[in-house]
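*Asks:* let's see this in three dimensions:
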Amino acid sequence: MAIPYVGKCFPTAAAFLAYLETIEFKSWTPKFITMHHTGGPSLATWKTYAHGNRKVPITDAKWMSNLAGYYGNELGWSAGPHFFFTPENFCVLSLPEKRGVHAVSFNANSWGVECVGEFDSEPFTDALRDRYAEGFACLYLALGLTPDNFVKGVRGLHFHRDDPKTSKTCPGKRVSKDAMIAAIQLKMVALAGGEQSHDDDDPPPAVVPQKRKGVVNVAADDFLAVRDEASGKSPETRRLKKGDTIDIIGEAKNGATLWYQIAGDDYVAARYVTLN
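*Replies:* Below you'll find the predicted structure:
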């Protein structure tokens, strides 16, 4: 039986980020993101899937369907990596709100991302790095995380080779973590757009009055940051834990992110709140 899978592919970061904003986490939330390379197919082989001389071209969406069957039927896995990034699409394989299978030591706490290429031998060009960094930037923005300040098994961008239970060089000897983090951070700034603290001369996001109650829905060992403004870059004023009840007095849309204004005129990201 094929693994449960999504199979959606998004050619643009805007469309991918919009999809990520719809994810509702329940009992599991990723704490960090792990980068892999596919190895097989190599980038050269992948290019033959849809653009080679095949009688029936293999689109990225069809590849996701094939992978779901491969992981379930041939490997007997319950899931696979969450995402596959190609030069043309940001693809979703396994259910993002559930634990995936991609790195032994990191499965429990991270999203797994496979990037098309065999970067021990194939060049990891600047253009390819920037393309994949754009996809990672979407993931970090959606989770409210950053790729820096690495602590193994806790936070920051992880490479598969950081896993002590593997001897693989994944995502390839030609991939520099420092360069990848820098590229992701630049893409995050570009994608955030309005998702930033406003200057005194700029109007803040419009707040629509509401009167609701909600419950903080994060992992038991995690927290929800309360911020001074409706922005992930705004100063943190305090923290809430799983199960805390909040009084919602308004909501504001900043870029693609919905924020709840709570009693005290502070803000929390709506994706981590379950409405009563």
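*Asks:* rest of the way, CA atoms for contacts and neighbours
*Replies:* Will do.
*Asks:* tell me which helix or strand L191 sits in.
*Replies:* Using DSSP states H and E, L191 falls within helix 177-192.
*Asks:* in that helix, what's buried?
*Replies:* Neighbour counts using 16 or more other CA atoms under 10 Å place K177, M180, I181, A183, I184, Q185, K187, M188, L191, A192 of helix 177-192 among the buried residues.
*Asks:* can you tell me how far the closest residue to the last one other than its chain neighbours is from L141?
*Replies:* Taking CA to CA, 6 or more residues apart in numbering as the measure, A192 lies nearest to G255, with 7.0 Å between them; neighbours along the chain are not counted. Remark: distance between G255 and L141 (CA to CA, to the nearest Å) = 11 Å.
*Asks:* with F10 instead?
*Replies:* F10 is 16 Å from L141, where distance means CA to CA.
*Asks:* contacting residues for Y71?
*Replies:* Neighbouring residues of Y71 by CA atoms under 8 Å, 6 or more residues apart in numbering: A2, I3, W77, S78, A79, G80.
*Asks:* surely the last one and H102 touch.
*Replies:* The reference is to G80. Yes. If you go by CA atoms under 8 Å, G80 and H102 touch, sitting 6.2 Å apart.
*Asks:* verify the stated contact: the residue nearest to A192 with L191.
*Replies:* No. Under the criterion of CA under 8 Å, G255 is not in contact with L191, lying 9.2 Å apart.
*Asks:* before we move on, back to that, give the next helix or strand downstream of the helix holding L191.
*Replies:* For helix 177-192, the following helix or strand on the C-terminal side (DSSP H and E) is strand 207-216.
*Asks:* and the residue nearest to A192, how many neighbours?
*Replies:* Neighbourhood size, G255 [other CA atoms under 10 Å]: 14.
*Asks:* before we move on, what about E236?
*Replies:* If you count neighbours by other CA under 10 Å, E236 ends up with 17.
*Asks:* is it true that it touches F223?
*Replies:* No. Counting by CA under 8 Å, E236 does not reach F223; the two are 11.9 Å apart.
*Asks:* show me the shaky parts of the chain.
*Replies:* 193-203, 233, 256 (pLDDT under 70).
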